[in-house]
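>>> What would the 3D arrangement of this be:
(chains A and B)
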Number of protein chains: 2
Amino acid sequence: MLVLGGLTCFDYLNKKTNWKKMKLLIFAFFGGAHLLSLCSGKAIYKNGISKRTFQEMKEEIASYGDVAKAIINLAVYGKAQNRSYERLALLVDTVGPRLSGSKNLEKAIQIMYQNLQQDGLENVHLEPVRIPHWERGEESAVMLEPRIHKIAILGLGSSIGTPPEGITAEVLVVTSFDELQRRASEARGKIVVYNQPYINYSRTVQYRTQGAVEAAKVGAVASLIRSVASLSIYSPHTGIQEYQDGVPKIPTACITVEDAEMMSRMASRGIKIVIQLKMGAKTYPDTDSFNTVAEITGSKYPEQVVLVSGHLDSWDVGQGAMDDGGGAFISWEALSLIKDLGLRPKRTLRLVLWTAEEQGGVGAFQYYQLHKVNISNYSLVMESDTGTFLPTGLQFTGSEKARAIMEEVMSLLQPLNITQVLSHGEGTDINFWIQAGVPGASLLDDLYKYFFFHHSHGDTMTVMDPKQMNVAAAVWAVVSYVVADMEEMLPRS
Amino acid sequence: MLVLGGLTCFDYLNKKTNWKKMKLLIFAFFGGAHLLSLCSGKAIYKNGISKRTFQEMKEEIASYGDVAKAIINLAVYGKAQNRSYERLALLVDTVGPRLSGSKNLEKAIQIMYQNLQQDGLENVHLEPVRIPHWERGEESAVMLEPRIHKIAILGLGSSIGTPPEGITAEVLVVTSFDELQRRASEARGKIVVYNQPYINYSRTVQYRTQGAVEAAKVGAVASLIRSVASLSIYSPHTGIQEYQDGVPKIPTACITVEDAEMMSRMASRGIKIVIQLKMGAKTYPDTDSFNTVAEITGSKYPEQVVLVSGHLDSWDVGQGAMDDGGGAFISWEALSLIKDLGLRPKRTLRLVLWTAEEQGGVGAFQYYQLHKVNISNYSLVMESDTGTFLPTGLQFTGSEKARAIMEEVMSLLQPLNITQVLSHGEGTDINFWIQAGVPGASLLDDLYKYFFFHHSHGDTMTVMDPKQMNVAAAVWAVVSYVVADMEEMLPRS
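Here you go, the predicted model:
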């Protein structure tokens, strides 16, 4: 193959012998100057794959058109429609929210273990991991000055509690870390209230994760952070926060957008605000949990894996239906659809329902530590963890060659008009693999309402749409099946 | 005038002598057959006003173009911009919600009395009324079976409480009154949960107002009603409910859309649901309150009135900023704008901030009883009580002639592109007058988000948009000023 122009031309044809492609190689070798030029000139490349190989790959993927249609028909129009929604509703109505370290989460894991076995999936098993155990306990906040007002709060994951009598202190309202620095001399002994504007989740969430540390650095006794939400109906949102070595730990919670804005207005009028904050939050020793695994074992390359995933844990409010019940259940549904159609891909389709994602991908990290020895066998890692609203495409991280293949795979979803492949495939639970070079894909969907409900009491089945879940599951099943069944693994950089 | 074709032709020229119009009458009388035909043929009518009179009226209204522009400029682009928002924020941040019978409401009334005086308005006074005094007290609901789940509730206005130990009973979930009737034999001793779909407010709200009575008729011990809301982030909404003579009074509260749907799903799976409901709700004797009144006294017909209004009371959650702080404050702003421009209309512009609207227009009814003796002097009654989001026009109830005039008045708002006059001008507080034949107008605005927040903890300043309030105030001021300043009162049917 090196004779034909070096690895760059044909490294898509890798480890596994493919006789059809080998015949084409021989043909190319004897086919004269024209064909040689096809494999050496820049013009013949599309995304780093030679035209001939690319064409071959296109043909191979196009041959899955009927399979893709069968999956779509079953998921969206057939007997399986609304199944992932109904399954999810039953679980979350039965169990409720599933916080890391809680009995609810372990109950959900046991139910899922049974569900996956009853569904006829293979190699259903639980992989033990150790996860954090934090509980919010009883919590309350009351504005004592300038008037009595009960403030809705949600303590942040890993926060310490207050003394039983609470912390009563004057408030310093700031709208940014910069303002906090400028007014550092005013912060000592106060409760810092952050009224940062909502820009987007990734930019704004730093106030939730770092707000307590930054407030503690300037001597604050607690911090209350405006919920990271794009719409509020007086709805507090929780999430993880991070202490820092060498910085005093202070209690921290999110308040509603409404109360943050009101206190900001009061402060701008020179009004003194006093709050009494009580939080029973406590961190307990790490506890036992499990990543939940099920497979459709590969027919030809069973040691090779396409990993499809979502996380089963949630915050302790609402039902964890959207974050990430939906992602977990369309991942299960992907395997169910493939099984129901009697399909068995060449390599193994592995469903993993992660535990303790909300505490920083704790279950996924331990899975990675255990399994990274086999990293060369992971063709694609997939996670759905930003909702299962109407999908608009796939986010993908991988080599240009792999991207070209994913674009062809997504073209199979033309019947649903969902064919986009964008950049930034990612997910807390799959990033370990992606950073190590494994191609990664995440579901891209309509995020318009996502941060209305994220980490709030409002994350329930009411948010979920069975028809949108059907479509999301179809996308998930087509992508995972085709990538698992193609003759070659996805090429890496 | 009868010679010229009868009253139908000229009854727009009523009580008051108008020399300009009189000259036209004389001209018409002597103007020959052509002009006579203009006043007798059907073709010459537009909305019941003769072409000549209509033309005259058009010209009169068109002459207010500069005044309208001045109002718009001051309200939307000038020194007064954001004033109604800032004034409202200060009141509701200072006082909080203003439930009928509460100290907060009376504090707000006293503040407004001072505000209106300090604003330089005339005849600022408080008109005593007696209003209901209901308090929700402490309240809670917990699902005991099939799993422990704390249910967010808001007791409904006028509901009785439970015994101190609460009411613990099995749940019967229904989606309609029809279903309740069909399953009446199952209801005895149960807590009826209504999971009625949200169609629109006026159709769906009957479950909130009548749900307890209908449940009690079939032997239920309490009723929990899905909040009447078009979007929920686990947000309960309160509101008034009505008991019925001869039907046992049972405690009743609203739950969230999310919990109503969850219990409906559980029930459909045959799961037994048990709830413990505790409500400390209590009705106290009626208490003293006031409608708050201020005026710009008319220069020519001071006894004649254009009434501009909103209600100052609210529910006891959130800040009552949207319902109806916004309506009350754009009504105040309308008078402020007119005063600031040095305008004084011919008839009196009267601002009324109603009390106890949420209890069924209690303050407004007593105002009507007191003032209806002067009903012939009321040219127009206006109320803004469905938000002060971006206005799209005016809703109007009145004669066809009056509507034609209102259409011309609204054409003055062309610079804001808000010129629609629709039907169904109404408002709890002005309906007494409208039903008695007085023309009535209400602000029509973008209601998209209104029922996200209505009667919930989320009704706060966060909902309000200062720029939209500016525009709403401009519309309100132009309409009220021009109608108050036109030579003639609005014609009635």
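>>> Next, find the distance separating residue A:487 from chain B.
Residue A:487 sits 45 Å away from chain B when distances are taken as Cβ to the nearest Cβ, to the nearest Å. The way it works is simple: take the backbone N, C-alpha and C, and place the C-beta from them, glycine included.
>>> That residue against residue A:346, yeah?
Yes. With contact defined as Cβ atoms under 8 Å, residue A:487 reaches residue A:346; the gap is 7.2 Å.
>>> Now do the contacts for the residue of the stretch 251-400 of chain A found nearest chain B.
Using Cβ to the nearest Cβ, the closest approach of the stretch 251-400 of chain A to chain B is made by residue A:258 at 4.3 Å. Applying Cβ atoms under 8 Å, 6 or more residues apart in numbering or on different chains, we find residue A:258 in contact with A:232, A:234, B:318, B:457, B:458, B:460, B:461, B:462.
>>> mind running it again at 6 Å?
Taking Cβ atoms under 6 Å, 6 or more residues apart in numbering or on different chains as the criterion, residue A:258 is in contact with A:234, B:460, B:462.
>>> Adding neighbour count and distance to residue A:356 as columns, could you present those in JSON lines?
Output for the contacts of residue A:258, formatted as JSON lines (neighbours: other Cβ atoms under 10 Å in any protein chain shown; distance: Cβ to Cβ, whole Å):
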{"residue": "A:234", "neighbour count": "24", "distance to residue A:356": "29"}
{"residue": "B:460", "neighbour count": "30", "distance to residue A:356": "35"}
{"residue": "B:462", "neighbour count": "23", "distance to residue A:356": "34"}
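>>> As CSV, those residues with distance to residue A:437 and secondary structure would be great.
Shown next, in CSV, are those (distance: Cβ to Cβ, whole Å; DSSP: H, G, I helix; E, B strand; the rest coil):
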residue, distance to residue A:437, secondary structure
A:234, 46, coil
B:460, 49, coil
B:462, 46, helix
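>>> for those residues, which one is nearest residue B:194?
Sorting the contacts of residue A:258 by distance to residue B:194 puts residue A:234 at the head of the list, at 23.0 Å, by Cβ to Cβ.
>>> For residue A:463, see how far away that closest one is.
Taking Cβ to Cβ, to the nearest Å as the measure, residue A:234 falls 17 Å from residue A:463.
>>> Residue A:116 now?
Following Cβ to Cβ, the distance that separates residue A:116 from residue A:463 is 24 Å.
>>> Check what pLDDT residue A:31 gets.
In this model, residue A:31 is scored at 37, pLDDT.
>>> do the same with the one 4 residues further on
Here the pLDDT value assigned to residue A:35 is 36.
>>> same question, residue A:55
According to the predicted model, the pLDDT of residue A:55 comes to 87.
>>> Okay, now the unreliable bits of chain A?
In the predicted model of chain A, residues A:1-52 satisfy pLDDT under 70.
>>> what residues does it put near chain B?
Remark: the part of chain A in contact with chain B comprises A:89, A:93, A:233-235, A:257-258, A:261-262, A:265-266, A:452, A:457-458, A:460, A:462, using Cβ under 6 Å from any Cβ of the partner chain.
>>> Quick check: bridge partners of the closest residue to residue A:427 other than its chain neighbours?
Using Cβ to Cβ, 6 or more residues apart in numbering or on different chains and skipping the chain neighbours, the partner closest in space to residue A:427 is residue A:383 (3.1 Å). Partner residues in beta bridges with residue A:383, using DSSP bridges, are residue A:309, residue A:442.
>>> can you tell me how far residue A:383 sits from residue A:475?
In this view, residue A:383 and residue A:475 are 13 Å apart by Cβ to Cβ.
>>> got it, and residue A:178?
Using Cβ to Cβ, one gets 42 Å for the distance from residue A:178 to residue A:475.
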